[in-house]
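Visitor: Show me how the following folds:
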Amino acid sequence: MFTQITARELAEKQDHGEEYLLVDTRPEDSYVAWHVEGAENLPFGPAETLDEEVERTIDDWADGRPIVTICGKGATSTTLASELDASGYDEVSVVKGGMRDWNALYERAPVETGNDDPVVVQFQRRAKGCLSYLVGSRSAGEAVVVDATQHTDQYVVTAAELDLEITHVLDTHVHADHISGGRALAEALDVPYHLGEQAAERDLDFEFDLLADGESISLGDLDVTALHAPGHTSEMVVYRVGDEAVLTGDALFLDSLGRTELEFGDDDATKGAEMAYDTLHETLLSLSDEITVLPGHVTVTNDGRFEHGSPGEPVEASLSDVRESLSLVGLGRDEFVERMVENTPEKPDNYGTIIGLNRGVESVGSDREAEMLETGANNCAA
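Guide: Below you'll find the model as predicted:
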């Protein structure tokens with residue numbers, strides 16, 4: 001009889017280097033767009049049965065290894081697993097919840113700081129590459145959450161484990177690739193929810209507290225300071241955590257900058273690119289070279305790999321390392337703008353609806369519908 005495994009158990013197999021064959025039964029276009037690292041694609045319908053050709057293909061791929069099947073929600077992968085089991089294959093399992101559950105899987109990566117008081121924990125949405133943060137002070141017993149996703153329980157649990165009370169919830173900007181959990185978390189905890197002061201110009205249909213450029217939230221002796229950093233969006237802010245780190249949201253990644261046309265549109269992407277140039281040179285690169293850059297995303301390739309580091313390890317770099325590796329740094333203003341607006345990648349799925357949800361002007365009927373809207377890797381880099 002074939003068995004079921006969870007998305008977490010699949011991740012453990014992957015991280016521990018176990019030998020297995022992962023078969024993705026979704027249509028080819030879905031597989032090409034986004035899949036788990038190492039998966040082979042065998043489109044398999046809900047009413048299909050095994051034939052000799054399919055068996056030969058699977059035998060060649062498996063080469064005696066256990067077989068794991070996965071699909072979008074666990075339906076067609078279960079059909080294939082059942083067919084394999086009926087045909088006498090041993091050690092067959094199916095990923096419960098499929099790519100939907102894989103999309104909601106997180107890793108928690110503590111970030112080293114210069115002394116024992118500051119606490120920085122990076123939450124990595126493994127399949128999508130979204131990064132969010134818990135930042136706190138042990139001596140004060142207080143913390144803030146930055147760029148929370150819709151799966152908010154993890155921040156509350158982690159804060160409790162660290163004996164920290166979440167006193168503020170912050171977003172760096174109005175996100176386009178995933179649904180923010182910031183407002184929901186702040187409401188559940190009855191604490192303020194913050195955006196940068198330029199968010200007042202985004203026609204947001206909810207109440208929030210503005211943070212002016214240079215304004216700080218104090219956690220004991222630790223200041224979390226908002227710095228206006230437009231480009232990816234007009235209201236983007238980054239948050240400097242004392243002299244330890246800067247949470248750069250989509251203003252600066254380890255290998256690129258945030259694209260500029262998702263808010264401004266293709267016709268006005270140049271405006272955003274000019275803002276991004278000023279932000280990079282006047283705000284970000286003026287910080288200490290030793291400060292740690294903690295971005296809002298890590299690039300996850302279509303075949304499920306982290307471009308930087310590994311799941312469970314902090315995605316971070318010193319500003320000096322980012323300065324040296326980022327080719328955009330050395331460009332003049334005109335060449336920078338041209339590079340930013342040319343050949344932009346495919347836009348994130350459902351980005352218009354997601355922006356509407358994060359502005360508070362649209363709604364969804366269920367958590368399941370919300371999760372389906374943001375399925376797939378992020379595409380916020382230029």
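Visitor: Tell me, how many residues neighbour Asp153?
Guide: 10 (other CB atoms under 10 Å). The way it works is simple: take the backbone N, C-alpha and C, and place the C-beta from them, glycine included.
Visitor: gap between the one helix or strand Gln154 maps to and the chain center?
Guide: Using DSSP states H and E, Gln154 maps to helix 153-161. Relative to the centre of its chain, helix 153-161 is centred 18 Å away, using CA atoms, centre = their mean, to the nearest Å.
Visitor: confidence score at Leu185?
Guide: Turning to Leu185, the model gives it a pLDDT of 98.
Visitor: Phi, psi for it please.
Guide: phi -70, psi -50 (degrees, to the nearest 10).
Visitor: One more: His297?
Guide: Dihedral angles (degrees, to the nearest 10) for His297: phi -150, psi 150.
Visitor: same thing with Asn343?
Guide: According to degrees, to the nearest 10, Asn343 has phi 50, psi 50.
Visitor: got the CA coordinates for the helix holding Gln154 in PDB?
Guide: Extracted in PDB, the C-alpha atoms of helix 153-161 (Å, rounded to 0.1, in the frame of the first residue of the first chain):
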ATOM      1  CA  ASP A 153       1.100  31.900  13.700                       C
ATOM      2  CA  GLN A 154       4.800  31.300  13.200                       C
ATOM      3  CA  TYR A 155       5.700  34.800  14.300                       C
ATOM      4  CA  VAL A 156       3.700  34.500  17.500                       C
ATOM      5  CA  VAL A 157       5.000  31.100  18.300                       C
ATOM      6  CA  THR A 158       8.700  32.100  17.700                       C
ATOM      7  CA  ALA A 159       8.300  35.300  19.800                       C
ATOM      8  CA  ALA A 160       6.800  33.300  22.700                       C
ATOM      9  CA  GLU A 161       9.700  30.800  22.500                       C
END
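Visitor: What mean pLDDT does that helix get?
Guide: 98.
Visitor: Contacts for that helix next, please.
Guide: By CB atoms under 8 Å, 6 or more residues apart in numbering, the list of residues contacting helix 153-161 from outside reads 106, 108, 121, 123, 132, 134, 136, 143, 145, 148, 165-166, 185, 188-189.
Visitor: For PyMOL, what selects the buried ones among those residues?
Guide: Of the contacts of helix 153-161, the buried ones go into a single PyMOL selection, burial set by 16 or more other CB atoms under 10 Å:
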select buried, resi 106+121+123+132+134+136+143+145+148+166+185+189
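Visitor: Following the helix holding Gln154 in sequence, what is the next regular element?
Guide: Next along the chain after helix 153-161, taking DSSP H and E as the criterion, comes strand 165-170.
Visitor: Name the strands paired with that next one and say parallel or antiparallel.
Guide: Sheet pairing of strand 165-170 (DSSP bridges) gives strand 142-146 (parallel), strand 193-196 (parallel).
Visitor: how about the helices of this structure, start to end?
Guide: 7-15, 28-33, 52-62, 76-86, 98-102, 153-161, 182-189, 261-264, 269-278, 319-325, 333-341, 351-359, 367-373 (DSSP state H).
Visitor: buried sites along the helix holding Gln154?
Guide: Buried residues in helix 153-161 (16+ other CB under 10 Å): 154-155, 158-159.
Visitor: Put together CSV for those residues, with distance to Met340 on each row.
Guide: Conversion of the buried residues of helix 153-161 to CSV gives the following (distance: CB to CB, whole Å):
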residue, distance to Met340
Gln154, 34
Tyr155, 33
Thr158, 35
Ala159, 37
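Visitor: thinking again about what came up before, what's the angle from the helix holding Gln154 to strand 142-146?
Guide: 160 degrees (axes from the mean of the first three to the mean of the last three CA atoms, to 10 degrees).
Visitor: Which members of the contacts of helix 153-161 are the farthest-apart pair?
Guide: Tyr106 and Glu165 (21.5 Å; CB to CB).
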